[in-house]
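Colleague: how would this look folded up:
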Amino acid sequence: MNMKVRKSVIAFLMATTMVGSTAVPAMAGTITVKIQATGLQGENSKSVDTMLSDSIEIADTGNVTAMDVLKELAAPGEGKPVEDTRVIDEEGTKRTYYRKGLLEWYESKYGNYISAIKLDGHNNSAVGKFFEDNGTASTSTLAANRGAYFKTSKLNETEKKYMEVKANSTWNNTVHFANYLSEKDYNNYSGWMCVIDKSTYNNGVDTVLSDGKNHSLELDFSMMMGLDLGYSSYVENTDNEWVPVPGWN
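Modeller: As a prediction, the model looks like this:
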């Protein structure tokens, strides 16, 4: 997969205005950004699929969030995002999704959430998937001989030990929206994790990054709640309880 690499440096984003001789210039921090899909690795993969690798400088003023940075790099331009309203449950609840550039996101009572990343050629056909059913190897050109999902044994162990369900029961084997890699694709617990400075303990894409320090920001696709990225997380068991699970090594 081609890596979209460009070096964007926007000096002193939202910098303060100098006021007389006593004003102190704002300090700038570099934010390195990567959008990748560790959770799509197969047992034969030699690298991680990467959709964007970039960087930007922001000043230590205002409240510039990870979402602001992602929009600047992955959804640039003045045009408005495309809105798509969907029914998300059996009760008929509707939610509006926004698409622009590489990003798809929605707003909830907890804040902004990245629900999908644009990925041309990805669809629910045999030739458009990275894996066959239950994470088994696909012969599609898109799969590029990656083999079966690289953490199948760990996923099955988590299903049986922590979720108390049968092995492979969390797979739905579906790509939900053509040309996007979306939450719940392939597995009911898949989605995009916001990793800031190598940690998932943050406020997601609403985390403020404009503190004058350097930060790393990764959107990383996980097949199972961030566990396959190596981060500890939670899964739901048959008693509808969310239980802790250590990250998979």
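Colleague: which SS class is K71?
Modeller: Assigned state for K71: helix (three-state reduction, DSSP: H, G, I helix; E, B strand; the rest coil).
Colleague: just give me the neighbour total for the closest residue to it other than its chain neighbours.
Modeller: Of all residues not flanking K71 in the chain, L103 sits nearest, at 7.0 Å (C-beta to C-beta, 6 or more residues apart in numbering). (Glycine included, C-beta is placed from N, CA and C.) Neighbourhood size, L103 [other C-beta atoms under 10 Å]: 25.
Colleague: is it correct that T96 is in contact with T85?
Modeller: Yes - T96 lies in contact with T85 (C-beta atoms under 8 Å); the separation is 4.9 Å.
Colleague: now for the residue nearest to K71: which residues touch it?
Modeller: By C-beta atoms under 8 Å, 6 or more residues apart in numbering, the contact list for L103 reads 70-71, 74-75, 114, 116-118.
Colleague: tell me what the residue positioned nearest the centre of the chain is bridged to.
Modeller: Central residue check for the chain by C-alpha atoms, centre = their mean: the C-alpha nearest the mean position is that of W192, 2.7 Å away. For W192, the beta-bridge partners are F221 (DSSP bridges).
Colleague: distance of it relative to K161?
Modeller: 25 Å (C-beta to C-beta, to the nearest Å).
Colleague: try A28
Modeller: 47 Å.
Colleague: out of those two, which sits in the more crowded spot?
Modeller: Higher neighbour count among A28 and K161: A28, with 22 against 12, using other C-beta under 10 Å.
Colleague: how close does the more buried one sit to A59?
Modeller: Counting by C-beta to C-beta, the gap from A28 to A59 is 5 Å.
Colleague: now do T65
Modeller: On the measure of C-beta to C-beta, T65 and A59 end up 14 Å apart.
Colleague: now S108. Nearest residue, chain neighbours left out?
Modeller: Of all residues not flanking S108 in the chain, R95 sits nearest, at 8.0 Å (C-beta to C-beta, 6+ apart).
Colleague: repeat for K198
Modeller: S216 (6.7 Å).
Colleague: now W105
Modeller: Per C-beta to C-beta, 6+ apart, closest to W105 is I114, 5.1 Å.
Colleague: part of a helix, is that neighbour?
Modeller: No - counting by three-state DSSP, I114 is not found in a helix; it is strand.
Colleague: where does the protein have low pLDDT?
Modeller: 1-26 (pLDDT under 70).
Colleague: now do the helices in it.
Modeller: Remark: helices assigned in the chain by DSSP state H are 66-74, 152-158.
Colleague: save the ones you listed as JSON lines, and put in distance to N179 too.
Modeller: As requested, the helices of the chain are exported to JSON lines (distance: least, C-beta to C-beta, whole Å):
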{"stretch": "helix 66-74", "distance to N179": "15"}
{"stretch": "helix 152-158", "distance to N179": "26"}
